[in-house]
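# only geometry, no sequence info:
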C-alpha cells in the first residue's frame, strides 16, 4: 500500500520534472521503437523520464554546456558522431547525448556502446538497455546503423579518456574500426570536438599498478583528490563546449589495408582537431 | 501415369505424437499423405493419417521407406527431457537423426526438414542483439543438456553438404509457445513465475502455428539451408508477464540458482538451473533470410500469444 503510494508519488515527480513541451518531443522521437515502445535493443524513450531530470541538471546547471552548429547533424537516417574522448570518466559521452536530446530540434537519440560485462550486472543491465545503450559488438553497431540510427563513437577509447593532463587535447591515434563500419554501411560521419572534459579531472599521474590490481583501465590521481580525498574524485564543474563539424562521407572498400583506412581516419581526426582548436580559442582562459 | 503425377505428396513426420507433431499433421493431412512415426502411442489423429508405432532407430522404421516412395521427411523426433541422461539424449537424438538421414539418402527422398532451435546459439552477454544463421552455436558452453541438439544441428549441416541432391532445411525457431509442452510455454503459464532480480532481457516468442507455417514454407521445392525463424517483434520479458497479469517473484541470481539446484535434486522442480540464462541474457535471432527466401510471415502477434497462454491451459 505505502509502497504503491510512494511509487505513484515518485512517478508524478518525474512526470513534472521536465518542461512538458521538451518531454513531449523526447518521448515521441523516432528511435526505431515498435508498437510497444521498445526498440530491439530494449531502448524505451518513455524510460528517459527517469534519467532526463538528472541529465538536464548536469547538462545545464553543473556543466553549463554550450553547443555550436548542432544543425550539422542530419535529422534522419544513419549517422555516426565521432568525437574526442577525455576526462577520466565518460561524462563527455553523456553530455553529447544530452545535447542531442535537449538542444537538437526535434531531438534525436545518440546511442553509444557499452562493455560486454554491462549486461551481466543486475539492474545496471536493464537500466542501460532502457536508456538506449547497446552492447559493443561490431554486429550490433551494424544493426543499429542499418536501422537508421545515430551512433556516437569515441575512437580513442580508454587510452584517450585516461591520458594525463600534460597531454590535454592531444588526441591519441584513433582506432580504425569506425571507419571500416562507416564504409561498409555507407554512413556519414559528423566530427565532434568536445572542450572542457580535460579539466573536470585533470590527472597528474596514472597509478597503473593500483589500476591493474583493481581491474580498472586507469587509476588517475588528481590535485583535487590529493587535497580533498574521496570528494575530490568527483568531476569539477567545468564548462563543456560541444562543436559539431560538417558531415563527412567516405568511399572505398571497408576491408582495405590499414594504411588506406588510416588516411581516411586521419581526415576525421584532423577535422576534430580543428573543432577543438576553435573551442580552445573561443574559451580563452575560462575553464568554469 | 497422369494419376501418379496428381497424387498427393507423401510426407513422413517423425515424432508425430508430440503436440507439435499433432498440430503439424492437422495442417498437412488435407494437402499431403501423412505417415506419422512415433515410438509412443499416438492418439487424436485425423483418420486419413497412417500411424506407424516404431522407434526411428529400429528396422520397422526402414520398412516405411521400402514400402512406398517418400517425397519428404519432417524430422521432429527430437527428445528434450531434462530428467533423462545425456547418454539417452545422444543415443536417441543423434543416432536417430543419423538413421533418418541414411534412409533418406538411400531411398532418395528429395526433401528433409529438421526442427532445431534458436537455443543452439545460447543466451550470452556478448551476443549481438540479433544472431544470424552463421553465428557460432555456443548454447552448450553453460548448459550441457543442449549439447546433443547442437551436435544434431551440426550433423544436419554436414549432411546438407554431403548430399547436395537432397534439399535439407534446418529451422531454428525462437521460443515456441502456445499448445506445446516446452520450457517457455510452461514458464509463461506459471502463476507466480520467478524472475531474476535486476534483469529483464528482450525476448522473441513465436506461436506454434507460425512454426508450422514455417515448416510448410520449408517444404517448397528449391528451398534448402539453415533458417532462423522468429515471430513478432521482440519485447522485454516483463511486458509479456504483465500482459499475462502474472505476479513475478524477482529473486537474486545466487538465491535462484540455489533454489533451482535444491528443487532439482529433491525432484520438486524440473528446471535445470543453467536455463536461467534465458531470463537473464538475450538470445534473439535475425530471421531476415526466412522472410525473404522462404517468404515466411508470422500471423500471431504478441497480444495473440498472450491471449492464448492466458486462456488455454496446457
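Here it is on my side, so go on. Since the structure is predicted, the reported quantities are computational estimates derived from the model, not experimental observations.
# which residues of the stretch 1-150 of chain A fall in helices?
Counting by DSSP state H, counting those that start in this stretch, the stretch 1-150 of chain A has these helices, from start to end: A:2-17, A:20-27, A:52-56, A:91-102, A:124-130, A:138-146.
# list the buried residues for the third one?
By neighbour count, and taking 16 or more other C-beta atoms under 10 Å in any protein chain shown as the criterion, the buried residues in helix A:52-56 are A:52-53, A:55-56. No exception for glycine: its C-beta is placed from N, CA and C like everyone else's.
# so what touches that helix?
A:14, A:17-18, A:23, A:26, A:94, A:97-98, A:101-102 (C-beta atoms under 8 Å, 6 or more residues apart in numbering or on different chains).
# any weak-confidence spans in the chain?
All of this is about chain A. Residue ranges of chain A with pLDDT under 70: A:1.
# wrong one, I was asking about chain B
In chain B, residues with pLDDT under 70: B:1-6.
# ok and the residue in it nearest chain A?
residue B:198 (2.6 Å; C-beta to the nearest C-beta).
# next structured bit after the longest strand along chain A?
Criterion DSSP state E: the longest strand present in chain A is strand A:189-195. Counting by DSSP states H and E, the next helix or strand C-terminal to strand A:189-195 is helix A:197-200.
# ranges for the helices of the stretch 101-250 of chain B?
Using DSSP H, counting those that start in this stretch, helices in the stretch 101-250 of chain B cover B:147-162, B:183-188, B:208-218, B:237-243.
# starting at the chain centroid, how far to the first one?
The one in question is helix B:147-162. Its chain's C-alpha centre and that of helix B:147-162 lie 15 Å apart, by C-alpha atoms, centre = their mean, to the nearest Å.
# what helices and strands are in contact with it?
helix B:86-89, helix B:96-106, strand B:111-115, strand B:167-173 (3 or more C-beta pairs under 8 Å, 6 or more residues apart in numbering or on different chains; DSSP states H and E).
# could you give me the buried positions within it?
Buried, per 16+ other C-beta under 10 Å, within helix B:147-162: B:147-153, B:155-157, B:159-160.
# please apply the same query to stretch A:124-140.
A:124-135, A:139-140.
# which residues sit against that stretch?
Contacts for stretch A:124-140 (C-beta under 8 Å, 6+ apart): A:31, A:41-44, A:47-48, A:51, A:97, A:109, A:111-116, A:118-119, A:141, A:144, A:177, A:181, B:125-130, B:132, B:198-200, B:202.
# coming back round to it: and the residue of chain B closest to chain A, how many neighbours does it have?
16 (other C-beta atoms under 10 Å in any protein chain shown).
# how about the nearest residue to it, chain neighbours excluded?
residue A:122 (2.6 Å; C-beta to C-beta, 6 or more residues apart in numbering or on different chains).
# show the contacting residues for that neighbour.
Here residue A:122 is in contact with B:196-199, B:252-253 (C-beta under 8 Å, 6+ apart).
# swap the cut-off to 7 Å and go again
Contact analysis of residue A:122 by C-beta atoms under 7 Å, 6 or more residues apart in numbering or on different chains lists B:197-199, B:253.
# equivalent analysis for residue B:120, please.
Shown in contact with residue B:120 (C-beta under 7 Å, 6+ apart): B:137, B:139, B:146, B:149-150, B:153, B:172.
# what residues does the stretch 151-300 of chain B put near chain A?
Residues of the stretch 151-300 of chain B found near chain A (C-beta under 7 Å from any C-beta of the partner chain) are B:197-200, B:202, B:233-236, B:239, B:253, B:281.
# for the residues you listed, pick the one with the most neighbours.
residue B:234 (26 neighbours).
# my read: it touches residue B:206, true?
No: contact criterion C-beta atoms under 7 Å: residue B:234 and residue B:206 do not qualify, at 11.1 Å.
# tell me how many other residues crowd residue B:116.
24.
# can you tell me the closest non-neighbouring residue to it?
residue B:153 (4.4 Å).
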